Every structure is written in C-alpha cells, then in structure tokens.
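Colleague: what would the 3D arrangement of this be:
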Amino acid sequence: MRITLRTLTLSVAAVVIFSMTQPVCAQGNDQLAAIQQRLTERIVLAGLDGNGEIVTAGSVVTLQKNSLQMCGTTAPANAGAPNNTYKNGKLSAGMFSWNLGLGLLHIDPNSIPMHTSVAGEKFWIVHFNVKKNGVEIKIWTDPDSNNFRYYTWLVIPFEKKQIPSPDEFMNTLAEVLAIEPIQSQEGQPGQAQGISDQSVPANGDGAGQDNGTSVQGVYFRRDMRSDTMELGPNGVFALTQNGRKYEGNYVVEGQTLTVWGPKIPGRQKCSLVGGIITDPGRTIWEKPAAQQIIATMPATPASSPAVTPPPQLLAPRVYDDVAPPPPPPAPAPTISIGQTMGQVSVAFGEPQRKAIVGARTFFFYTDLKMKVTFTNGKVSSID
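Modeller: Residues are numbered from 1 along each chain as shown. The predicted structure follows:
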C-alpha cells in the first residue's frame, strides 16, 4: 500500500471523506506554527515503504481511550480510513460517513479488515497535519497474529474555532495518546531528530568507548541462525524471532542494551558484552567476528595505501563454553480481577483472538492457554 492516499476525483465521496480543510501555511500564524514545532520536537515519525511496512522506527505511542476504529492497510488506496474525533474526553468515529463514501466508490465495506483498538494498545505515528481547525494524526500498527496491519486518522479539533496554546494542545493530546519520551544515550529525554547510540568496546571489557559504531550491525541467535536482531543507526532496531517481526528503538548504556517498541511489553534490558547480547529470556545473540573487526578498525589515512587485513582475522570467532552472566530475569507478568483491558494488554501483549458478546469481552491467549473475560471493561474471570 502506498504511504500517501491517492488524489480522489471531485466527487461526493471525496467531499464526505475529506471533511477538513486543507493544511494552512504558517504565514504569520504563530499559534499554529508553535503547535507544529512542539509536535515535531515531541514525535519521531515512523517511515513506511511502498508496501506499508515500517522501515524506520519512530516514537511509540500508547492509546489511552477505548474504541479507536481502524481499517486494514490492504484497503484500496482511494478508500481512505475512518476519521476518529477526540472531543470532550471521548473518541467517536465517523463510520457512517466513511461507509457512505465507500458505497459511492463501489467498495464493499465487508472487504476491508477492521479493528477496534482499546486503551493500552501501542502504535506508530507516520504523519500529522496541523490545520486551522484542528490536528490530524495518522496512526499505524504492527502486524497482528494474521499478519494484518491497520491504520486510521485521529482528529483533534480546536474548540470553538479557537487555536489553543501549544501547552493546552499537548495536554489534550496526552489524554488520548501517551507518547514515550525520546531517550538520549544517557537515558535522559532527547530531541526527536534521532538517537545516537552509545557503544561498547568490541573486546568486551567494558572500559572506554569506541567510535560509536561497534554496537550497530546484525546479531544472530546462537541456537537458531535464522533469527536475527539488527541494531541500526539513530537508535532503531529490528528483530525477527520465531517467524515474527518486531520493530522499535534502543539505547545502550555501558553494558546494558534497552529495547522497546509497540509489541514489546515495557522496556526490556539486555546484557551487551563483546558483541554478544543476552536478552531477558537468556537467549544469546552474537555478531559475526567480521562485523566486529570492520566496525572497530581505524580508518586508513588518505595518503596511505589500503591494507587488506590478513585472512585469519576474518575467521569465525571461537567462543568460550561459558556464556557471560545473564541479567536477572524480568518479573513474570501478573493478572488479577478488576484490571482493565489496557493493563492486561501491556502485561501480556495483544491477544491472539478477541470476541465481544454484549457487555463482555474475551481475550484468548492461545500460546498461554488462557482466556480472560472482561465485564464492562474489567477482568471478571481468568480461565
């Protein structure tokens, strides 16, 4: 799916789907420009390829309200996505207008995968528009258990056509979307322009720092080489494990690698010593020796002829039988009567299947052989 919507012809459908006015250039409107600046400083936009896949991780946001209506990214480009308006503390989706627009475009609504998001689910932000009557935010998900991604528009209108101050708008945004702070290499809030990772010496002794590139690269799972963890530039990582893909951000502090993302519960701390990562599940990930040598070799002066390293330097690395001491295991997630759906999703991740019957909602975690029943949005039984 393309990253931007295709231009619609001037039809009734276009009028229905795109009800908001076109973005307004600053042109001296300091209030709009200030809101735009605050959003730019606060949010790192995730990057998409032409198929709608996340290729550059950005800020992780957590939904704070229930009933965000989303459609599959496989929907026809001219179908658009539902507009979810946040006003007076509630989310409301213009499903009637959206379905009417689909009908006028001869698109069967039943052909489009749909998903209703609840508080606690995590997303990426791929785009936002600051307009004279409100702000539009385009939200994207990771693939679900059926390998579907979903997206939607969140619209926050300005009350009584008055443009709020940047602080007022950011407070309203925080009511519906919690944006994780961007972490600098010291673990403090940083700027949205990117994250510079702090590297660990390739020799693993933990003393000093190198040129800032040694931690980057692809790490292979020791007992299953098809699984990989890639630490890229600007604090972005990608993980493939057991056939599933995870994306997010990372920061390195000394010998501790911290990763987080929309499908990762909390912030996971790993040990990173001498090109070997030990995750909380005690899985070992290791970087090939050739990558470590290339990352740590000093640059060849321009006046000196290039020197090819001896072949033995690129030989496979021989590891000791004793692995580095793993970090203490993360506490096991817990669940109790009265918890909300968001709390359960944060602790155990998104369920493999959901069902709604009247006032009851069921979460099915097939991998844990667990069924959680919610009554009026709170845990009432655990099977």
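Colleague: tally of neighbours for L368?
Modeller: Per other CB atoms under 10 Å, the neighbour tally for L368 reads 13. For the C-beta atoms, the positions are set from N, CA and C on the backbone; glycine is no exception.
Colleague: who's in contact with it?
Modeller: F348 (CB atoms under 8 Å, 6 or more residues apart in numbering).
Colleague: that one in helix, strand or coil?
Modeller: On the three-state scheme (DSSP: H, G, I helix; E, B strand; the rest coil), L368 is labelled coil.
Colleague: where's it relative to I179, distance?
Modeller: Per CB to CB, to the nearest Å, L368 is found 29 Å from I179.
Colleague: what's the answer for K122, then?
Modeller: Taken as CB to CB, the span from K122 to I179 is 11 Å.
Colleague: again, but for K378
Modeller: Using CB to CB, K378 is found at 26 Å from I179.
Colleague: still on that earlier bit, any shared contact partners between K122 and I179?
Modeller: V60, V61.
Colleague: counting neighbours, go ahead and name the busier of those two.
Modeller: Each of K122 and I179 has its neighbours counted (other CB under 10 Å); K122 has more, 24 against 18.
Colleague: list the beta-bridge partners for the more buried one.
Modeller: Taking DSSP bridges as the rule, K122 bridges to T62.
Colleague: just the strands in the stretch 101-250 of the chain please.
Modeller: In the stretch 101-250 of the chain, the segments counted as strands under DSSP state E, counting those that start in this stretch are 114-117, 122-131, 134-140, 150-157, 177-179, 217-221, 224-231, 236-241, 244-253.
Colleague: ok, which of the ones you listed comes nearest D30?
Modeller: Among the strands of the stretch 101-250 of the chain, the nearest to D30 by CB to CB is strand 122-131 (12.4 Å).
Colleague: could you give the mean pLDDT of the closest one?
Modeller: Across strand 122-131, pLDDT averages out at 92.
Colleague: same question for stretch 240-247.
Modeller: 85.
Colleague: any idea how far apart the tips of that stretch sit?
Modeller: 9 Å (CA to CA, to the nearest Å).
Colleague: what comes up buried for that stretch?
Modeller: Q241, Y246, E247 (16 or more other CB atoms under 10 Å).
Colleague: wait, isn't G217 in contact with K287?
Modeller: Yes: using CB atoms under 8 Å, G217 is in contact with K287, at 5.3 Å.
Colleague: neighbour count winner among the two?
Modeller: Neighbour count, other CB under 10 Å: between G217 and K287, K287 has more, with 24 against 18.
Colleague: so the more buried one makes contact with R221?
Modeller: No: taking contacts as CB under 8 Å, K287 lies outside contact range of R221: 11.6 Å.
Colleague: what does the pLDDT read for the nearest residue to Y151 once chain neighbours are set aside?
Modeller: Counting by CB to CB, 6 or more residues apart in numbering, Y151 lies nearest to W140, which is 4.9 Å off, once chain neighbours are set aside. W140 is assigned 93 on the pLDDT scale.
Colleague: how about M341?
Modeller: The model's pLDDT for M341 equals 88.
Colleague: I'd guessed it sits against V118; true?
Modeller: Yes: between M341 and V118 there is a contact under CB under 8 Å: 4.8 Å.
Colleague: quickly list what's touching both of those two.
Modeller: N66.
Colleague: return the alpha-carbon coordinates of stretch 50-57 using CSV.
Modeller: Below are the C-alpha coordinates for stretch 50-57, written out as CSV (Å, rounded to 0.1, in the frame of the first residue of the first chain):
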residue,chain,number,x,y,z
GLY,A,50,5.7,1.3,-0.7
ASN,A,51,4.0,-1.8,0.8
GLY,A,52,3.0,-0.1,4.0
GLU,A,53,5.8,-1.9,6.0
ILE,A,54,7.6,0.0,8.7
VAL,A,55,11.2,0.6,7.6
THR,A,56,12.2,3.3,10.1
ALA,A,57,11.0,3.0,13.7
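Colleague: contacts for that stretch next, please.
Modeller: With CB under 8 Å, 6+ apart as the test, stretch 50-57 has contacts from 1-3, 46-49, 73, 124, 140, 142, 149, 151, 236-238, 247-249, 261.
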